[in-house]
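Undergrad: here's a sequence, model it:
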Amino acid sequence: MAKRKQVTVGDLRSDPVLFAEHVLGITLHEGQKRILRSQARFIAVRAARRFGKSYVFSAYAAWAICTQENYRVIVISRIMRQSLEMFKTIKAIIMNSPMAESVVRCTMTEIVLSNGSQVQSLPGSSPNTLRGITANLVMVDEAAYVDEEIFIEIYPTILSTKGRMILISTPAFEVGEFYRACMLAKEYTSFHFTHADAVWDDGTPFVDPDELEREIDRCGGRESPEYRREYLAEFGNADGVFFDVQALRDAMRADDGSEAIYFAEEGHKYVTGVDIGQINDYTVIATMDITDPNAYWVREIQRFKGESVDAIIIKINDAAARFNSQKVLIDEGNIGRSIIEHLKIRFPHRPFVGFNFNVSTKPRVMMNLNILLNRRQLFLPDDIELQKEMMSFKYSTNARTKSISMGGANGVHDDIPIALALCVEAAEVFVPRGTLGLGLSGGRMLFPGAPARVSQNEKQMRKRRNVLI
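TA: Sure, this is the predicted structure:
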C-alpha cells in the first residue's frame, strides 16, 4: 500500500486547495479547485447557481490572510444584507478551524489575525465605502449585479499593492464590467462553470441531478432564458432592453437592507398598483410612497401565483388598508374587471380603479415609469426578481405598422414592471396634456392609435427647432 504524502507547511502556503482541506476541513469539488489554483492576477468566474461560490471565497480569503503577513482582503457584495451573509460563511469557516487561535479581532464585518492580516466585508451599494482603501486582494460576489460605479473605486484599491481581483457571479446581461471581464477584457482570466463541472473526486455530482431536473421544470425547460442564465451561466441578450441598466442599479442602491415598511407612516401618502396574473402567471401588488414629489419609494412588492380569486381580493384589500392607499389602480384585463367589481362591492370605501392596457396606454405608462427611473426619482427595493424582470423588459417596433410591442423577453415575466407603472399612473406624476408622440410625420403623431394632429403652434415650434439642427 502506497504511503500518503505528508503535507508540509510549504505545501499549505503555496496551495489553497490543500490549505482548505487540511486546515479548514473543507472538501472542494473539482470546479472550486480550479478557481483556487489559478495564479492569474485578474480572475472572472461565471458560475451556475448553487455552485458553491461562497465557499470558494471563504476558503481563498482564509488561505490568503493565514499564509501572508499584513495582507488585506476585501470581500464585496451587492448590499449590506448580502455582505453580512457572505461574512457569516467566512467567519464560520475560520472560527471552526485552527485559525481561530490566531484571531485578535472579530466583528460582524471584519476578522484580524495576529500576523496583521485581515479580511473585511463591505457592501457594494455605495462607492464611498471603498474610497481611499488599499487592498491586496479584492473579491466581488455576484459581480454582474454590483453597481458599475463601484468598479471605478475598486480598481484603484489594488494599484499600489499590485494586488489581485476576483469577480464571481451568475451572469446577467451583455452589459457592464462583469460581462467585459468575462468576455472582452484581455487582462482577465475567465472561467465558465455549470453543474457539469461541479463534481467530487469520485465523480459524484455536487448537486443531485433530480434537484436540477426540478429546477429545469420550474424555469420552463432547458431552453428557457432563466435556466440558461441561472444554471448554464449564459449571458442574456441586452438588445432592445427598455429600462436603463445603470438607472435601475441606481434606483436599487438606496436599499441598504434596513427593516422593511409594512404599514403607512404618519403623514405619508401611498398608492398601489396591481397586475392580475392569469392561471400560470404571477399577480403583483406594488405599493409606492408618493409623499415627496422628487422621491418615489416603492415600499412593498407582493408577488404570488396559484391563489384563488377570493385570496387575490383579500390580498389587494389588505395592502390598500395597511398603507391607506389614496388610489389602487388595477389592470382590468382578463379577470381584472371582475375582481375590481367584487372589491368595490365588498369594500366600497376603498378607491379601487380599473386601468385598460392597450396599444396606446401601455407604451405611455411604461414610458412614464422609465422617465421617473432615468430622472433618479424612483427608489426600488433590491430584489433579484424585480431586477430580472426590469432588465428583461424589452420593446420592439413593427416596421410596417409602426406599432410598439413591450413585455418580458424570451418568456421572462413582466408583472413587476407593469405593477410599478400602475403605481406611477396612480400617483399622477405625469398629468396628461394631449397625446404623447414618439415621432412626427406629415403633421401626425406616430404614437400607436393616436388620431390627434399636430397643432399649428407645434408645427412652428418644430420648424424653429429644425433651424438649430
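Undergrad: not counting sequence-adjacent ones, nearest residue to residue 52?
TA: residue 32 (5.7 Å; C-beta to C-beta, 6 or more residues apart in numbering). C-beta: built from backbone N, CA, C; applies to glycine.
Undergrad: beyond the host helix or strand of that neighbour, next helix or strand please.
TA: Element membership for residue 32, per DSSP states H and E: helix 30-36. Proceeding N to C from helix 30-36, the next assigned helix or strand is strand 42-47, under DSSP H and E.
Undergrad: that following strand pairs with which strands, and in what direction?
TA: Strand 42-47 has its sheet partners listed here by DSSP bridges as strand 164-169 (parallel), strand 188-193 (parallel).
Undergrad: give the buried residues for the last one.
TA: Think strand 188-193. Buried positions in strand 188-193, judged by neighbour count with 16 or more other C-beta atoms under 10 Å: 188, 190, 191, 192, 193.
Undergrad: JSON lines please, covering those residues and showing pLDDT and distance to residue 362.
TA: Formatted as JSON lines, those follow (pLDDT from 0 to 100; distance: C-beta to C-beta, whole Å):
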{"residue": "188", "pLDDT": "94", "distance to residue 362": "41"}
{"residue": "190", "pLDDT": "94", "distance to residue 362": "39"}
{"residue": "191", "pLDDT": "94", "distance to residue 362": "41"}
{"residue": "192", "pLDDT": "94", "distance to residue 362": "37"}
{"residue": "193", "pLDDT": "92", "distance to residue 362": "39"}
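Undergrad: residue 247: which of the residues you listed is nearest?
TA: residue 188 (26.3 Å; C-beta to C-beta).
Undergrad: if I read this right, that closest one contacts residue 182, doesn't it?
TA: Yes - if you go by C-beta atoms under 8 Å, residue 188 and residue 182 touch, sitting 7.2 Å apart.
Undergrad: what's next to the helix or strand containing residue 363, contact-wise?
TA: Applying DSSP H and E as the criterion places residue 363 in helix 361-374. Residues from elsewhere that reach helix 361-374 (C-beta atoms under 8 Å, 6 or more residues apart in numbering): 242-244, 247-248, 251, 296, 355, 357, 378, 393, 395, 404, 406, 417, 420-422, 424-425, 429-430, 436, 438, 447-448.
Undergrad: the following helix or strand past it pairs with which strands, and in what direction?
TA: As assigned by DSSP H and E, the chain's next helix or strand after helix 361-374 is strand 378-379. Partners of strand 378-379 in the sheet, by DSSP bridges, are strand 295-304 (parallel).
Undergrad: next, the angle from the partner strand to helix 361-374.
TA: Between strand 295-304 and helix 361-374, the angle comes out at 130 degrees (axes from the mean of the first three to the mean of the last three C-alpha atoms, to 10 degrees).
Undergrad: can you list contacts of strand 295-304?
TA: 260-262, 270, 282-290, 315, 319, 323, 372, 377-381, 383, 385-386, 415-416, 419-420, 423-424, 427, 429.
Undergrad: tell me, what's touching residue 188 and residue 182 both at once?
TA: residue 44.
Undergrad: look up how far residue 429 lies from residue 88.
TA: 40 Å (C-beta to C-beta, to the nearest Å).
Undergrad: between these two, who's got more neighbours?
TA: Comparing residue 88 with residue 429 by other C-beta atoms under 10 Å, the one with more neighbours is residue 429, at 20 against 14.
Undergrad: wait, what's in contact with that one?
TA: Contacts of residue 429 by C-beta under 8 Å, 6+ apart are 290, 293, 296, 368, 372.
Undergrad: using PyMOL, define a selection of the buried residues within the residues you listed.
TA: For the buried members of the contacts of residue 429, the matching PyMOL selection, counting by 16+ other C-beta under 10 Å, is:
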select buried, resi 290+296+368+372
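Undergrad: looking at the contacts of residue 429, which is nearest residue 126?
TA: Distance to residue 126 across the contacts of residue 429 (C-beta to C-beta) is lowest for residue 296, with 20.6 Å.
Undergrad: and the closest one, how far from residue 429?
TA: The value you get for residue 296 to residue 429, if C-beta to C-beta is used, is 7 Å.
Undergrad: tell me the pLDDT at residue 411?
TA: Note on residue 411: pLDDT of 61.
Undergrad: the stretch 201-350 of the chain: strands as residue ranges?
TA: For the stretch 201-350 of the chain, the strands defined by DSSP state E, counting those that start in this stretch occupy 270-275, 283-292, 295-304, 328-331.
Undergrad: can you give the strand pairings for the last one, parallel or anti for each?
TA: This points to strand 328-331. Strand pairing for strand 328-331, using DSSP bridges, gives strand 270-275 (parallel), strand 352-355 (parallel).
Undergrad: what's it in contact with?
TA: By C-beta under 8 Å, 6+ apart, strand 328-331 touches 271-276, 316, 319-320, 336, 339-340, 343, 350-355, 357, 418, 422-423, 425-426.
Undergrad: now it, how far from the centre of its chain.
TA: Put simply, strand 328-331 sits 26 Å off its chain's centre (C-alpha atoms, centre = their mean, to the nearest Å).
Undergrad: what does the third one give?
TA: How far strand 295-304 lies from its chain's middle: 15 Å, per C-alpha atoms, centre = their mean.
Undergrad: pull that strand out as CSV, backbone CA atoms only.
TA: Only the C-alpha atoms of strand 295-304 are listed here, as CSV (Å, rounded to 0.1, in the frame of the first residue of the first chain):
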residue,chain,number,x,y,z
ALA,A,295,-38.5,60.8,-4.4
TYR,A,296,-41.0,58.0,-5.0
TRP,A,297,-40.2,55.0,-2.8
VAL,A,298,-41.6,51.5,-3.6
ARG,A,299,-42.3,50.2,-0.1
GLU,A,300,-43.7,46.8,-0.8
ILE,A,301,-44.0,44.3,-3.6
GLN,A,302,-46.0,41.1,-3.3
ARG,A,303,-45.6,38.5,-6.0
PHE,A,304,-47.5,35.3,-6.0
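Undergrad: could you check the angle strand 283-292 makes with it?
TA: Using the same axes, to 10 degrees: strand 295-304 against strand 283-292 is 170 degrees.
Undergrad: now strand 295-304: mean pLDDT?
TA: Per-residue scores along strand 295-304 average to 94.
Undergrad: check the last one too.
TA: The average pLDDT for strand 328-331 rounds to 97.
Undergrad: format the CA atom coordinates belonging to that strand as PDB.
TA: Output of strand 328-331 as PDB, limited to C-alpha atoms (Å, rounded to 0.1, in the frame of the first residue of the first chain):
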ATOM      1  CA  VAL A 328     -55.500  51.400  -6.000                       C
ATOM      2  CA  LEU A 329     -55.000  51.100  -9.800                       C
ATOM      3  CA  ILE A 330     -55.700  47.600 -11.100                       C
ATOM      4  CA  ASP A 331     -55.200  46.100 -14.600                       C
END
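Undergrad: which positions within it qualify as buried?
TA: For strand 328-331, the neighbour count (16+ other C-beta under 10 Å) marks 328, 329, 330, 331 as buried.
Undergrad: which non-adjacent residue is nearest the third one?
TA: The one in question is residue 330. Nearest to residue 330 is residue 274, by C-beta to C-beta, 6+ apart, at 4.3 Å.
Undergrad: out of the strands paired with strand 328-331, which is the most enclosed?
TA: strand 270-275 (a mean of 29; mean count of other C-beta atoms under 10 Å).
Undergrad: give me the contact list for that strand.
TA: Under C-beta under 8 Å, 6+ apart, the answer for strand 270-275 is 264, 283-290, 299, 316, 319-320, 323-331, 336, 415-416, 418-427.
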